[in-house]
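Asker: could you work out the structure for the sequence below:
(chains A and B)
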Amino acid sequence: DAGITQSPRHKVTETGTPVTLRCHQTENHRYMYWYRQDPGHGLRLIHYSYGVKDTDKGEVSDGYSVSRSKTEDFLLTLESATSSQTSVYFCAISDTGAWGYTFGSGTRLTVV
Amino acid sequence: QKEVEQDPGPLSVPEGAIVSLNCTYSNSAFQYFMWYRQYSRKGPELLMYTYSSGNKEDGRFTAQVDKSSKYISLFIRDSQPSDSATYLCALTSGAGSYQLTFGKGTKLSVIP
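Answerer: Predicted structure coming up:
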């Protein structure tokens, strides 16, 4: 997927546990994004980053935090997982922004 | 009113048919328009992008933008079973962090 890797691909976790998803890029793109995709809601922005240590909230940021200590890595942490956070999580990267993103393959997270 | 409206379908057509997929939007600040294709259990991939009103053609695909009506379309000619996927429109103003606003996607099935 054009130099973007998400890990893990699948995860099952218990309610109340912290979970960290990783997005790694080899494209040296400035912008990185975390989305969740749910039936009936489409893609919703959780957090995004516009540079190392520069992050901001998206539409559905409650219960999530992010960190970007290196250009290539963008981490999404669910501080205390809940069943409502069961979803497919996509990372995306962008250099020029206006001409679209490149998405990773997604992480399918199930919170039981 | 949602910023971007897209009929979720599902849409089922016979092979060889012309397919029309549409989105309407309410924010006149949107200046860049994209279509993504998403196969089942995969990340979205950029299919087409355009900036201005009018048509843009790429093989069997034509993207059409009517800024005065705030209406965008994707036409697929001679549809193939391999076109079966979910199609998402995405829009951005092109400013700042280049956040994309996505439609919820239309699921298309092309029947052989």
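Asker: okay, CA-based contacts and neighbour counts for the rest of this
Answerer: Noted.
Asker: so which helix or strand takes in the spatially most central residue of chain A?
Answerer: Ranked by distance to the mean C-alpha position of chain A (Cα atoms, centre = their mean), the top residue is residue A:34 at 3.0 Å. Following DSSP states H and E, one finds residue A:34 within strand A:31-38.
Asker: now do the buried residues in that strand.
Answerer: Residues of strand A:31-38 classed as buried: A:31, A:32, A:33, A:34, A:35, A:36, A:37 (neighbour count, 16 or more other Cα atoms under 10 Å in any protein chain shown).
Asker: again with stretch A:48-58
Answerer: A:48, A:49, A:50, A:51, A:52, A:55, A:57, A:58.
Asker: redo these as CSV? Include distance to residue B:57, pLDDT and secondary structure.
Answerer: Below are the buried residues of stretch A:48-58 laid out as CSV (distance: Cα to Cα, whole Å; pLDDT from 0 to 100; DSSP: H, G, I helix; E, B strand; the rest coil):
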residue, distance to residue B:57, pLDDT, secondary structure
A:48, 32, 93, strand
A:49, 33, 93, strand
A:50, 32, 90, strand
A:51, 34, 90, strand
A:52, 38, 93, coil
A:55, 36, 95, strand
A:57, 36, 94, strand
A:58, 33, 92, coil
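Asker: now the two most distant members of those.
Answerer: A:52 and A:58 (17.2 Å; Cα to Cα).
Asker: who's whichever residue of chain A sits closest to chain B bridged to?
Answerer: For chain A and chain B, the shortest gap (Cα to the nearest Cα) falls at residue A:42, measuring 4.2 Å. As for beta bridges, residue A:42 partners with residue A:38 under DSSP bridges.
Asker: that one contacts residue B:102, correct?
Answerer: Yes: the criterion here is Cα atoms under 8 Å, and residue A:42 meets it with residue B:102 at 7.3 Å.
Asker: out of those two, which sits in the more crowded spot?
Answerer: residue B:102 (24 against 16; other Cα atoms under 10 Å in any protein chain shown).
Asker: please, which helix or strand holds the residue nearest to residue A:103 when sequence neighbours are not counted?
Answerer: Among residues not flanking residue A:103 along the chain, residue A:92 sits closest, at 4.2 Å (Cα to Cα, 6 or more residues apart in numbering or on different chains). Element membership for residue A:92 (DSSP H and E) is strand A:87-94.
Asker: and for residue B:5?
Answerer: strand B:4-6.
Asker: show the subsequent helix or strand relative to that strand.
Answerer: strand B:11-14.
Asker: adjacent strands (with direction) for the following helix or strand past that following strand?
Answerer: For strand B:11-14, the following helix or strand on the C-terminal side (DSSP H and E) is strand B:19-25. If you go by DSSP bridges, strand B:19-25 pairs up with strand B:4-6 (antiparallel), strand B:71-76 (antiparallel).
Asker: so for residue B:12, which of these sits nearest?
Answerer: The nearest among the strands paired with strand B:19-25, by Cα to Cα, is strand B:71-76 at 13.1 Å.
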